[in-house]
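> Mind folding the following:
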Amino acid sequence: MSQQLVVGIDIGGTNTKFGIVDRRGNILCDGRMLTNQHEEVADFLDELHGHLSKLIEQVGGIDNIRGIGVGAPNGNFYTGNVEYAPNLRWKGIVPLANLLGEKFGLPTVLTNDANAAALGELIYGAAKGMKDFIVITLGTGVGSGIVANGQLIYGHDGFAGELGHCIVIPGGRLHPGTGAHGSLEAYASATGVTNTALEFLAERPDVKSTLRDHPKEEINSKLVFEAAMAGDPLAREVYEFTGKILGEALANFVMFSSPEAIILFGGLTKAGDLIMKPVREHMEMNLLPIFQNKVKLVFSELKESDAAILGASALAWEQQNAKYQVPNTKMGE
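Residues are numbered from 1 along each chain as shown. Modelled structure (predicted):
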């Protein structure tokens, strides 16, 4: 008897993760490869095909695979294209879903990585049973996936939900990738945390900090996190400031779509209450009374190492009519 399995692929700027997933969200086997090792997308696909073919054989062959789901930067759900992704070597418009479908002979669907994360939370994670929620990914950048009335919001062109590029401080910090001034991503990402730390170190010479033991070029979000967890006062101020900016932005997002929950995912969430406490405080402080104390603010329940693959696989299950509009039963029942 053939199994019901799908392939989940998450394409990041540095690494591509892939795995084979059953309906209950069990990753049966997985792997990874470097994304930008190949200048041409055809060479990338050849290597990916080689890795995945071995995994597919491990689970009994291609007849067990129902489809492929892909999460990728600037992935367009409607067209299946990756369009002008700034952190990938393949420039312009790449018809990635079509290329993968032809390579494997399987139905393939693609969206951006944050939308895939939202589907993953809906089927496997903290948003099970919800119709209205937002996932915010806090990593190198700030991504978002919005579900309203049980539907993932794609917009008319497939690119809706870029909350990280909303302007939160008009005329504020420059985002070098987009040229925008004051966007949320410039403050609430790992890069934003690094830049805030560097600004605070320069502006507050009287504040003692272990971060001063490092040259400027060595300061990064990991060092800031470690210093904050060790009680460093300046590093903790960085998280307080970052949480304030993010909380104020989330208040706007709540008043726009009135979600049941906002789910935070990604590297910055490792700081726990150091970031969650100011986020919650400033979100509630900036909400109208009709919205206050209604929205759950939670961290993702998915393992970070698995979430990317699960999110992409959720896209494939949705295509296979494992509907993501609030399942009434557990997957597979």
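
> where along the protein do the helices fall?
For the chain, applying DSSP state H gives helices covering 41-58, 96-104, 113-124, 185-188, 190-203, 221-229, 233-257, 273-285, 304-319.

> Residue 141: which of those is closest?
With CB to CB as the criterion, residue 141 lies closest to helix 185-188 of these, at 5.1 Å. In short, each C-beta sits where N, CA and C put it, glycine included.

> Would you map out the domains in this structure?
5-118+312-321, 129-301 (automatic domain parsing).

> now the ones you listed in TSV, with mean pLDDT and mean neighbour count?
TSV is the format used below for these (pLDDT from 0 to 100; neighbours: other CB atoms under 10 Å):
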stretch	mean pLDDT	mean neighbour count
domain 5-118+312-321	92	19
domain 129-301	95	18
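
> Residue 76: which of the helices of the chain is closest?
helix 96-104 (9.1 Å).

> Which residues does the closest one contact?
7, 9, 11, 41-42, 45, 49, 52, 62, 65, 68, 70, 72, 75, 80-82, 106-110 (CB atoms under 8 Å, 6 or more residues apart in numbering).

> Restricted to strands, list those.
In strands, judged by DSSP state E, the following of these are found: 7, 9, 11, 65, 68, 70, 82, 108-110.

> Excluding sequence neighbours, find me the nearest residue to residue 284.
residue 292 (5.7 Å; CB to CB, 6 or more residues apart in numbering).

> do residue 72 as well
residue 11 (4.1 Å).

> The one you found and residue 54, how far apart?
Distance, residue 11 to residue 54, using CB to CB, to the nearest Å: 19 Å.

> again with residue 102
Distance from residue 102 to residue 54, by CB to CB: 20 Å.

> again, but for residue 118
30 Å.

> Any chance of CSV for the ones in strands among the contacts of helix 96-104, columns distance to residue 252?
Listed next are those as CSV, based on distance: CB to CB, whole Å:
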residue, distance to residue 252
7, 37
9, 33
11, 30
65, 42
68, 36
70, 30
82, 29
108, 35
109, 31
110, 29
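
> any idea which of those residues is the one closest to residue 307?
The nearest member of those to residue 307, counting by CB to CB, is residue 9 at 13.4 Å.

> so who does that closest one touch?
Contacts of residue 9 by CB under 8 Å, 6+ apart are 16-18, 48, 68-71, 100, 309, 312.

> and which of these is nearest residue 37?
residue 16 (9.7 Å).

> CA-only coordinates of stretch 85-92 in CSV, if you can.
What follows is stretch 85-92, C-alpha atoms only, in CSV (Å, rounded to 0.1, in the frame of the first residue of the first chain):
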residue,chain,number,x,y,z
ALA,A,85,14.9,37.9,-4.4
PRO,A,86,17.7,40.2,-3.2
ASN,A,87,19.5,37.5,-1.2
LEU,A,88,19.7,34.8,-3.9
ARG,A,89,22.2,34.6,-6.8
TRP,A,90,19.5,33.9,-9.3
LYS,A,91,18.3,37.3,-10.5
GLY,A,92,15.1,38.4,-12.0
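
> and that stretch, how far from the chain's centre?
Averaging C-alpha positions (CA atoms, centre = their mean, to the nearest Å) puts stretch 85-92 18 Å from its chain's average.

> residues making contact with it?
11, 13, 35-36, 38-41, 44, 72-74, 82-84, 177.
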